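A.B. asks: what would the 3D arrangement of this be:
(one chain, ligands or ions: 3)
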Amino acid sequence: MTTPTESTTAVTANATRVLVLNSGSSSVKYQLLDMRDNSRLAAGLVERIGEGTSRVVHSPLTAGGAGKRERIGAIADHSAALKAVAEELALDGLGLDSPQLAAIGHRVVHGGLRFTEPTVITDEVLAEVERLIPVAPLHNPANVTGIRTARALRPDLPQVAVFDTAFHATMPESAARYAIDVATADAHRIRRYGFHGTSHAYVSRRTAALLGKDPSEVNVIVLHLGNGASASAVAGGRCVETSMGLTPLEGLVMGTRSGDIDPAVTFHLKRVAGMSADEIDELLNKKSGLMGLCGDNDMREIRRRIDEGDERARLAFDIYIHRLKKYIGAYYAVLGRVDAIVFTAGVGENAAPVREAAVAGLEELGLAVDADLNAVRSGEPRLISPDHARVAVAVVPTDEELEIAQQTFALVAPEGV
Ligand SMILES: Nc1ncnc2c1ncn2[C@@H]1O[C@H](COP(=O)(O)OP(=O)(O)O)[C@@H](O)[C@H]1O
Ligand SMILES: CC(=O)OP(=O)(O)O
Ligand SMILES: [Mg+2]
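C.D. replies: Residues are numbered from 1 along each chain as shown. Ligands and ions are numbered 1, 2, ... in the order given. As a prediction, the model looks like this:
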């Protein structure tokens, strides 16, 4: 296998396509885009990887393309998942062997202190992403496997890593440092990095456009509520604070993660409950959050149970909202002046009751949602606050894949198309 190096970044003029891979702990989302007009040629998802009955959903999106295809079957790991993606693309004549493919862009969750820009992946870059596995245990292993497999399939092609942590690198030291012994923190690079940065960057920019403003003119609180969830405070286009920390465990209540917790809970579990570090890690990352509180991590199911009068689901929802509201208040104070609060990702884009509850009672801060606007279902960026509200409340669908494709293409084809 040849190894891509900086010199392979030169692409031919008719190579205008980018494949984006967003590898999560048990899923791979992917999109193939044509960078001449940012159009999508195909998109899909492999989910429940390693769980016995995996599912591949593939949508060819070219004019006249056949409809959506779905395949159920065992996909053991992320390497097999990526091979399934390559097969699906090949069935539509969009295979990885295409000379029109300029690059593959990978979402990489943790970039540590070193990676604050999109980076062409070399052996050395890959080794560094691997070294960061202990601080992104659910994500970086999948990213590494995705990169390895993609390089084996197209060793000649530039592969680019776009880091979730990058956008947060502008946080001031006062927000990025934990109040612990400085020498210990520095020796082990313990600080707050923040995640979902590609989404926070894209959504905050898109919100400024929705308000008819330049990003430099607005202060925005972004609430990225997916399975993982995080908030950020963005002042004039730069991130000044975010809720995730050294790892994606800190902050909001999530699908299966606890978010903020007194760190002494971990010593207590070790000393009193006799749990090992790995067991506590698993408890807080995979068996906590909404799942730990009520046995479900999907907000749709939780709402359904609440409608049936289920008390555990109600309490889980209330804890989720309480934490969210605390962060809205805290980031309001951090920013001083807020122009917009924006909801994004699976829960933020789809769950009207979450949006309503998160800003309920905050009228004194200039925050309110209009019930009719909040009830509208749409894939478009939109305002849901009443006319003339002091602070805009918006819903802006995130598009991490488009953002990754653009950053990838800008790096491998700096002249554009
Ligand atoms: N219609 C809906 N109503 C409420 N929640 C929804 C809806 N659709 C999706 N979700 C929530 O979105 C979550 C997934 O969000 P997503 O941003 O895709 O997460 P991730 O990228 O972390 O996998 C699901 O767990 C589910 O709770
Ligand atoms: C960083 C993170 O939490 O990502 P995800 O929401 O995809 O799990
Ligand atoms: Mg996500």
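A.B. asks: how much space between the closest residue in space to residue 14 that isn't next to it in sequence and residue 16?
C.D. replies: Spatial nearest neighbour of residue 14, chain neighbours left out: residue 100 (6.1 Å); criterion: C-beta to C-beta, 6 or more residues apart in numbering. For glycine as for every other residue, the C-beta is placed from the backbone atoms N, C-alpha and C. Separation of residue 100 from residue 16 (C-beta to C-beta, to the nearest Å): 6 Å.
A.B. asks: between these two, who's got more neighbours?
C.D. replies: Each of residue 100 and residue 16 has its neighbours counted (other C-beta atoms under 10 Å); residue 16 has more, 19 against 14.
A.B. asks: for the more buried one, what are its contacts?
C.D. replies: Residue 16 is in contact with 34, 35, 36, 100, 102, 413, 417, counting by C-beta atoms under 8 Å, 6 or more residues apart in numbering.
A.B. asks: and the residue of this structure that's closest to ligand 1?
C.D. replies: Residue nearest to ligand 1 within the chain (C-beta to the nearest ligand atom): residue 346, separated by 2.0 Å.
A.B. asks: got the phi and psi for the closest residue to that residue other than its chain neighbours?
C.D. replies: Nearest residue to residue 346 in three dimensions, chain neighbours excluded: residue 226, at 4.7 Å (C-beta to C-beta, 6+ apart). Dihedral pair for residue 226: phi -120, psi -140, per degrees, to the nearest 10.
A.B. asks: run a quick neighbour tally on residue 226.
C.D. replies: Look at residue 226: counted by other C-beta under 10 Å, it has 20 neighbours.
A.B. asks: repeat for the one 10 residues further on
C.D. replies: Counted with other C-beta under 10 Å, residues neighbouring residue 236 total 14.
A.B. asks: residue closest to the middle of this structure?
C.D. replies: With distances taken as C-alpha atoms, centre = their mean, the residue of the chain nearest its centroid is residue 196 (3.9 Å).
A.B. asks: just checking, that residue touches residue 231?
C.D. replies: No. Counting by C-beta atoms under 8 Å, residue 196 does not reach residue 231; the two are 9.5 Å apart.
A.B. asks: need the residues touching each of the two.
C.D. replies: residue 224.
A.B. asks: let me see the contact set for the closest residue to residue 397 other than its chain neighbours.
C.D. replies: By the measure of C-beta to C-beta, 6+ apart, the closest residue to residue 397 outside its immediate chain neighbours is residue 349, 5.3 Å from it. Contacts for residue 349 (C-beta under 8 Å, 6+ apart) come out as 343, 395, 397, 398.
A.B. asks: now those: which count as buried?
C.D. replies: With burial judged by 16 or more other C-beta atoms under 10 Å, the buried subset of those is 343, 395, 397, 398.
A.B. asks: before we move on, what SS does the last one have?
C.D. replies: Pointing back at residue 398 there. coil (DSSP: H, G, I helix; E, B strand; the rest coil).
A.B. asks: my guess is it contacts residue 223. True?
C.D. replies: No. In this structure residue 398 lies outside contact range of residue 223 using C-beta under 8 Å: 10.9 Å.
A.B. asks: so how far is residue 57 from the residue of the chain found nearest ligand 2?
C.D. replies: Nearest residue of the chain to ligand 2: residue 228, at 2.4 Å (C-beta to the nearest ligand atom). Distance from residue 228 to residue 57, counting by C-beta to C-beta: 21 Å.
A.B. asks: neighbour count for those two, which is higher?
C.D. replies: Shown here are residue 228 and residue 57; by other C-beta under 10 Å, residue 228 has more neighbours (25 against 15).
A.B. asks: right, and that one touches residue 199 too?
C.D. replies: No. Checked against C-beta under 8 Å, the pair residue 228 and residue 199 is beyond contact range at 10.1 Å.
A.B. asks: next SSE after the helix ranked longest in the chain?
C.D. replies: Identified as the longest helix of the chain according to DSSP state H is helix 311-335. Scanning forward in sequence from helix 311-335 by DSSP states H and E, the next helix or strand is strand 340-344.
A.B. asks: is ligand 2 contacted by whichever helix or strand comes after that next one?
C.D. replies: Next along the chain after strand 340-344, taking DSSP H and E as the criterion, comes helix 345-350. No. Counting by C-beta under 6 Å from any ligand atom, ligand 2 has no neighbours in helix 345-350; the shortest distance is 7.4 Å.
A.B. asks: buried residues, the following helix or strand past helix 345-350. List them.
C.D. replies: Next helix or strand after helix 345-350 toward the C-terminus (DSSP H and E): helix 352-359. By 16+ other C-beta under 10 Å, the buried positions in helix 352-359 come out as 352, 354, 355, 356, 357, 358, 359.
A.B. asks: just stretch 103-119 next, same as before
C.D. replies: Residues of stretch 103-119 classed as buried under the neighbour-count rule (16+ other C-beta under 10 Å) are 103-112, 115-116, 118-119.
A.B. asks: next one: stretch 302-316
C.D. replies: Going by 16+ other C-beta under 10 Å, stretch 302-316 has these buried residues: 302, 303, 305, 306, 310, 313, 316.
A.B. asks: check contacts around the third one.
C.D. replies: Spelled out, it's residue 305. With contacts taken as C-beta under 8 Å, 6+ apart, residue 305 has the following neighbours: 294, 296, 312, 313.
A.B. asks: now do the fourth one
C.D. replies: Contact criterion C-beta under 8 Å, 6+ apart gives 313, 314, 317 as the residues in contact with residue 306.
A.B. asks: nearest residue to the second one in space, please, no chain neighbours.
C.D. replies: Closest residue to residue 314 apart from its sequence neighbours, by C-beta to C-beta, 6+ apart: residue 306 at 5.2 Å.
A.B. asks: and for residue 208?
C.D. replies: Excluding its sequence neighbours, the residue lying closest to residue 208 (C-beta to C-beta, 6+ apart) is residue 215, at 4.3 Å.
A.B. asks: ligand 1 contacts on the stretch 101-250 of the chain?
C.D. replies: So the stretch 101-250 of the chain meets ligand 1 at 226, 227, 228 (C-beta under 6 Å from any ligand atom).
A.B. asks: put together a markdown table for those, with pLDDT on each row.
C.D. replies: Putting these into a markdown table (pLDDT from 0 to 100) gives the following:
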| residue | pLDDT |
| --- | --- |
| 226 | 95 |
| 227 | 90 |
| 228 | 94 |
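A.B. asks: list the buried ones in the helix or strand that contains residue 127?
C.D. replies: Per DSSP H and E, residue 127 falls inside helix 123-131. Across helix 123-131, burial judged by 16+ other C-beta under 10 Å covers 125, 126, 128, 129.
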